[in-house]
Each structure stands twice: as C-alpha cells, then as structure tokens.
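Turn this into a structure:
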Amino acid sequence: MKKNLITVLLTMVLFWTAGAAHAATTLTYSIFFPPSHGQAKAGEAWAKEIEKRTNGQVRITILAGGSLTPADQVYDGVVKGISDLGMSCFAYTRGRFPVMEVLDLPIGYPNGRVATAVANDYFRKFNPRELSGVKVLYLHAHGPGLLHTTRPVATLEQLKGMKVRSTGLSAKVVSSLGALPVAMPQGSTYESLQKGVVEGTFGPIEVLKGWKQAEVVKSTTDCPEIGYTTAMFVVMNLKKWNALPKNIQKVFEEVSSQWIDVHGKAWDDLDLEGRKYTLSLGNKIIPLTKQEGVRWKKAVRPIIDEYIKTATAKGLPGQKSVSETEKLIKKYAKIYK
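Numbers count the residues shown, from 1 in each chain. Presented below is the predicted three-dimensional model:
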C-alpha cells in the first residue's frame, strides 16, 4: 500500500514537472498604433513568428491602440512591468533619450528603410545608458516628414507666415522655415485643416491616407532634403527577458533582427499608398528645385547645431552622434534607393 502510494505521488510529481516545463510563457505587448495600422500589423506578425519558432512555448497578447498604456507611457509601462513588451516613439518623452534624439533631426532621410536601418546601426554603435532599463529588441522609423498644405508651397516665401500643425521637433522645423507652428495631436489635424485653423501639417506622406488628410489638403511639398523621421522602439521588460531560457532569447533576437527590414518596408509601402491616394484625389506633389532644397536645408541647420551644443554641454557625444547619423544615411541611401 505504502509502495503504491509513493509510486502514485512520484508519477504525479513527474507529470506536473513535465507540464510546467512545457507551459507557455505568456507576454503582453502594448503597441501605440491602432490595430488597423500597417506597423501594428507588422508587430503582430513578429509576435506570431516568435510563437511559431518557439513551438508555442511563448505566446504574446497584442494590446494595440493604447488600450493598455498610452503612447507616452509605453516605455515606462514596460520598465514597471505593466506590459512585458512595448512599441512607441522616443519623441513622446522628449528629453529623456538625448542620445537617441539625434535620429529625429531633419538630416534628410530619403525613405523608411533607410531611416530604420540607420536607427538600428546607430543604437548598436552607441548603446546608450538611457536605454539600459529595458531589453531593446529592435527599432524602426518612418520615411521623411514632408509638408502637406491647403495651397501650393514651392518656396520659403510661399511658406512664410503659414500656420502649420506640428509637434515636438517638427515645430522647430516649422519655425526655422519661417512658418508658424501650431501644436495639436494627429487626431485633431483633419478637422483643423478642414476649418482653416491650420493651413498645413508636417508628417510622412502615409498620413494622407492613414489619417485621410489628403481629403483636406491640396498639395504636398516633397522636401526630403530636410526629411526628419521619428524613431520608434520595440522593448522588453528586463526581468522578463532575463527569465527566458537562452534558446528562447536567441529566437527573439533572430526574429527581431529579421523584422527590422519588415518594418522599414512597411513604412515605404504605407508612404507609397499615401502618395497614390493623394494623387487620386487630384492633389499635387511639388518637388523642391535643387536651389530651393539647398535653402531649406540651410534654414534648418541651426536645429542640428543646437542639438550638438546642448548634447555636448551634457557631456554627450553631440558632434559624433550627428556625424555618424549622416554617415549612415549616406551608406543606406545607396542600398535602399
């Protein structure tokens, strides 16, 4: 009787241990994009690939559209363990990531694949302490922020004094170009353009379809010479990361490395859709002349110089950061034309 009881207990322990060993690790993933956005879909595809390659040992629950943590709280939410994973923008907590902030400067990004590749190479080179509180899986960044207006703009003179919706860094770009920045969230831009509260907005051309803004503008000034981007992160809670077995960590790193270009391509695809959509509505896309492009680039240069000065005063590699970013843009612009 006693022997049988011991046998039963041992069997139960072995069964429970085996079950625990194969129990899936469930993670939550807060994404600030709405579920329908191409970047949210890319993030969801990444999560499914993780699940596939770990044979179901990891399961990831997507919480998009700020349903768990709003955009400006995603990073802290990951640090505190409110979510295990998070995707959002460095710019939503401007000043907190001074080394990474250089990526958002109007240095002249030609497209999203370039911006995304530059962001990841830059991070790997500098590996700033400001991100030591999380496990950075990968970064991505949109194509050039362009000017979309209710009347054609081809010169600085035509832009002067116009009220242009902008936030954060793009507000500095607007001021440097002689226009008047008006701060407002993206969701309010359509109505403000429609009612004449603002006469233009800065953003990647994908917003013309994604946010339907092509319906209330007449023209886009194609100005990649001053194209800024917005760098975005995909990060994981450090405690959760350290608790993963090495083989699972390897899967995360392999998939994340492959998904860098998935996001870069997605940004370019979205921009192409935005470009086609605005043209289908009869709107114009006006490229800057070479001479005008030089003028616009010169006008925003003080923003870059200001960053260098401020970063250097804080003991950060301001000039080195800008020079490396410019170097990487040239490198990847030759690859991703």
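
so L156 touches W296, yeah?
Yes - judged on C-beta atoms under 8 Å, L156 makes contact with W296 at a distance of 6.8 Å. (Glycine included, C-beta is placed from N, CA and C.)

who touches both of those two?
L177 (C-beta atoms under 8 Å, 6 or more residues apart in numbering).

neighbour-wise, which of these two wins?
For L156 and W296, the more surrounded residue by other C-beta atoms under 10 Å is W296, and the numbers stand at 23 against 16.

Would you mind confirming that the more buried one makes contact with I226?
Yes - at 5.1 Å, W296 counts as touching I226 under the criterion of C-beta under 8 Å.

State the distance from the spatially most central residue of the chain to P106.
With distances taken as C-alpha atoms, centre = their mean, M232 lies nearest the centre of the chain, 2.7 Å away. M232 is 17 Å from P106, where distance means C-beta to C-beta, to the nearest Å.

Over to Y92?
Distance of Y92 to P106, computed by C-beta to C-beta: 18 Å.

How about A40?
Shown here: A40 relative to P106, a distance of 26 Å by C-beta to C-beta.

Comparing the two, which shows the higher neighbour count?
P106 (27 against 18).

which residues touch the more buried one?
G145, L169, V173, I226, G227, Y228, V300, I303, I304.

Repeat the analysis, applying 7 Å as the threshold.
Listed by C-beta atoms under 7 Å, 6 or more residues apart in numbering, the contact set of P106 reads V173, I226, G227, Y228, V300, I303.

Looks to me like it is in a strand.
No - P106: not assigned to a strand; according to DSSP: H, G, I helix; E, B strand; the rest coil it is coil.

Can you classify G86 as helix, strand or coil?
Quick answer, by three-state DSSP: G86 is strand.

so who does it touch?
Counting by C-beta under 7 Å, 6+ apart, G86 touches S30, T69, V74, Y75, G77, V78, V235.

which of those tops the neighbour count?
Most neighbours among those, by other C-beta under 10 Å: V78, with 29 neighbours.

wait, doesn't it sit right on K240?
No - if you go by C-beta atoms under 7 Å, V78 and K240 don't touch, sitting 9.0 Å apart.

I'd like the distance between A91 and L169.
Between A91 and L169 the distance is 7 Å, computed by C-beta to C-beta.

Find residues that contact each of these two.
Both A91 and L169 are in contact with D104, where contact means C-beta under 7 Å, 6+ apart.

All the strands of the stretch 201-337 of the chain, residue numbers only.
Along the stretch 201-337 of the chain, the stretches classed as strands by DSSP state E, counting those that start in this stretch are 219-222, 231-237, 284-287.

so which of these is the most packed in?
With neighbours defined as mean count of other C-beta atoms under 10 Å, the strands of the stretch 201-337 of the chain peak in mean count at strand 231-237, which reaches a mean of 24.

Just the mean pLDDT for it, thanks.
For strand 231-237, mean pLDDT is 97.

List the contacts of it.
Here strand 231-237 makes contact (C-beta under 7 Å, 6+ apart) with 75, 78, 81, 84-90, 100, 103-104, 119, 134-141.

Okay, now the sheet partners of that strand, with direction.
strand 85-89 (antiparallel), strand 134-141 (antiparallel) (DSSP bridges).

Isn't T167 up against A183?
Yes - between T167 and A183 there is a contact under C-beta under 7 Å: 5.7 Å.

more neighbours, the two?
Higher neighbour count among T167 and A183: T167, with 20 against 11, using other C-beta under 10 Å.

The more buried one in helix, strand or coil?
coil.

if we can go back for a sec, would a markdown table of the strands of the stretch 201-337 of the chain with distance to N127 be doable?
Shown next, in a markdown table, are those (distance: least, C-beta to C-beta, whole Å):
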| stretch | distance to N127 |
| --- | --- |
| strand 219-222 | 35 |
| strand 231-237 | 14 |
| strand 284-287 | 38 |
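
for those, which one sits closest to G56?
strand 231-237 (18.8 Å; C-beta to C-beta).

Look at the closest residue in space to Q158 that isn't next to it in sequence and say how many residues are nearby.
Counting by C-beta to C-beta, 6 or more residues apart in numbering, Q158 lies nearest to P152, which is 7.2 Å off, once chain neighbours are set aside. By other C-beta under 10 Å, 14 other residues sit near P152.
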